[in-house]
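> build the 3D model from these lines:
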Amino acid sequence: MANQKRMPVNADHGKRNSKRRYYTYRKASKKSFPLVSDKAPEERVKISFLGGMNEIGKNMTVYEYKDDMFIVDCGLAFPDAQLLGVDLVIPDFTYVLNHFQKVRGVIITHGHEDHIGGLAYLLKQLNVPVYATKLTIGLIKGKLEEHGLLGNVKLVEIKPRDNITLGQFNIELIHVNHSIPDAVGLAIRCPAGVIIQTGDFKIDTTPVDGDMIDLPRFAEFGKKGVLALLSDSTNAERPGTTMSESSVGESFELLFRKARRRRIIVATFASNIHRVQQIMDVAAARGRKVAVVGRSLENLVKVGAELGYLNIPENILIPIDTIRSYADDKLVIITTGSQGEPMSALTKIAMGEHRKVSVTPNDYVIISATPIPGNEKMVSNVVNALMKKGVEVIYENMYDVHVSGHACQQDLKLMIGIVKPKFFIPVHGEQKHLVKHASLAESMNIPVENIFIGEIGNCIELSSSGIKKLPDVPSGEVYVDGYGVGDIGNVVLNDRKVLSNDGIIIVVAAIDTASGYVVSGPDVVSRGFVFVKENEALMQSVQDIALSVIQKHYDSRYHDWNSVKTKLKEEISRYVYEQTKRKPMILPIFMEV
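Next comes the predicted model:
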């Protein structure tokens, strides 16, 4: 580690560096929790992974020692293109609910959706205390209010270096840098030893708020002995170190000058309060007003300002409804949609569908984010739509308008080096991230047999003598669609896929139950399959097949509707596929008269 090169610190950051400080909150509890116990070397702690493994999102980890259990984070993931109509994806809470009597509380590491987004859904079924830092509590309150839970849940505000005792667990919070303030890692003490879970983190030597990651506290635990380290793997593939958030402010200053007399629209992550602060500061310096678009961003600005995490320059913020009253060169619009999400404000603006903001060639759009893997096409569609309207768009790596909130390889190795864990578990990442992070740990002289690469549902038992994999626990994805939670499964999704791909044919007939004669119909209705007026012969043939099947297979004595419907589906599907090579959904509807 002695040969590791340090990133140069820009002289312009002198003032910021002068404010740099480590958190010095009240001293850790004197209650005795052995680090690596000599008296009980075979004490064991269980860890179950209900989210955040082999994926980016819906983080949820469960710690269990005898009759005590607590949860770290409860996030959500956003659906991919295959989950048609699904709004959100949350973890499966079955394992936790099956052991509800053991759960002592939930600790949230920071306020991003992939760490707090599933919390309200859990608390509807399991009312336990929630522990989080000030800003995170503020964002959680907004979630609980939406779900009608605010006032029914015990929310406990905590600070870095505070200690929480949950049964036989004692958890200390450690300040870390991330793309949202008040992020923390955890030092989890129990009779089996000390486990460090970093949460999402980066090492920022010149953070916007002046508060560096508390590396000394991580190092103190490392000197005393750490049983296991669970570390953020998001950027494990990226070499070097992660750039400071402060560098983005310099890029904004340059780009705002380049905009000249054009209106500026900046799209960024709704949760990146430091980014919003820097945009506002540069806008104020250039004599521009700021309007905010997007509900999540509006909520962040409101909560951040109320709690003192966002210092809004006087008279700079204006309602979005008033933007037409200002000249283009006097205005900055901050919006959500940096990932090209179909329903986001930037996408609606780009497609000309936003009710309050429309773009012209005199707009200058800055997308201050890097596409999350899988979102590249959506972002590209938004960029193309804006450019077709004559808008100049700054995106991806054209300028340094975005830096990651996650540690790159050298920072990850530094964390491993100062914590010195006996066992290492990479978390928060896809398989390729976890594997790469594991190889970094191996390069830091952690034996390969002491490294565990897990999957969602895995349950392990940790002791000083090793990692033991236990039978998997109930886990998976629960889909949220409107007010429905978990009522959308594979059957419904498969139906939606069929409907989206090949459409539907509905066959309606009224049948005399006594004689079995078709007294009305069968009528054939098609949606999303073919244009009926241009395929009347095809529709007539389908109608003839339906009539033939009903007359041939309906038995007035047994009224076996299921067998008739099954045969009708088979015959129509076969015929339609022969004629069109398509497989629409066939839906028979019979009425008895």
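> please, which helix or strand holds the residue nearest to residue 443 when sequence neighbours are not counted?
In space, not counting the residues next to it along the chain, residue 443 is nearest to residue 413; the distance is 7.4 Å by CB to CB, 6 or more residues apart in numbering. In this view, the C-beta of every residue, glycine as well, is placed from N, C-alpha and C. Assignment of secondary structure by DSSP states H and E places residue 413 within helix 409-419.
> likewise for residue 422?
Element membership of residue 422 [criterion: DSSP H and E] is strand 421-427.
> got the angle for that strand vs helix 409-419?
Taking axes from the mean of the first three to the mean of the last three CA atoms, to 10 degrees, one finds strand 421-427 and helix 409-419 inclined to each other by 140 degrees.
> report all helices and strands that strand 421-427 contacts.
strand 226-232, helix 431-443 (3 or more CB pairs under 8 Å, 6 or more residues apart in numbering; DSSP states H and E).
> among those, show me which one is buried the most.
Neighbour counts (mean count of other CB atoms under 10 Å) averaged over each of these peak at strand 226-232, with a mean of 26.
> how far does that one sit from its chain's centre?
Distance of strand 226-232 from the chain centroid (CA atoms, centre = their mean, to the nearest Å) equals 22 Å.
> what's the answer for stretch 503-517, then?
What separates the centre of stretch 503-517 from the centre of its chain is 47 Å, taken as CA atoms, centre = their mean.
> do the same with stretch 130-144
With CA atoms, centre = their mean, you get 17 Å for stretch 130-144.
> cool, and stretch 518-528?
Taking CA atoms, centre = their mean, the mean C-alpha location of stretch 518-528 is offset from the chain mean by 45 Å.
> and stretch 432-451, by the same measure?
In terms of CA atoms, centre = their mean, the centre of stretch 432-451 is set 25 Å apart from its chain centre.
> pretty sure residue 387 is in contact with residue 381, am I right?
No: using CB atoms under 8 Å as the test, residue 387 is too far from residue 381 to be in contact (10.9 Å).
> and residue 466, bridged to which residues?
Listed beta-bridge partners, residue 466: residue 463 (assigned using DSSP bridges).
> quick one on the thing from earlier: now mean pLDDT and distance to residue 507 too, for the helices and strands packed on strand 421-427, in a markdown table please.
Output for those, formatted as a markdown table (pLDDT from 0 to 100; distance: least, CB to CB, whole Å):
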| stretch | mean pLDDT | distance to residue 507 |
| --- | --- | --- |
| strand 226-232 | 97 | 55 |
| helix 431-443 | 96 | 46 |
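> quick one: residues in contact with stretch 88-99.
Applying CB atoms under 8 Å, 6 or more residues apart in numbering, the contact partners of stretch 88-99 are 48, 50-51, 57-58, 60, 62, 64, 69, 71, 74-79, 83, 103, 117-118, 121-122, 125-126, 473-480, 485.
> ChimeraX command to pick out the buried ones of those residues?
Here is the ChimeraX command that picks out the buried ones among the contacts of stretch 88-99, judged by 16 or more other CB atoms under 10 Å:
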select :48,50,51,57,58,60,62,64,69,71,74,75,76,77,78,79,83,103,117,118,121,122,473,475,477,478,479,480
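> which ones among the contacts of stretch 88-99 are found in helices?
Using DSSP state H, the members of the contacts of stretch 88-99 that fall within helices are 121, 122.
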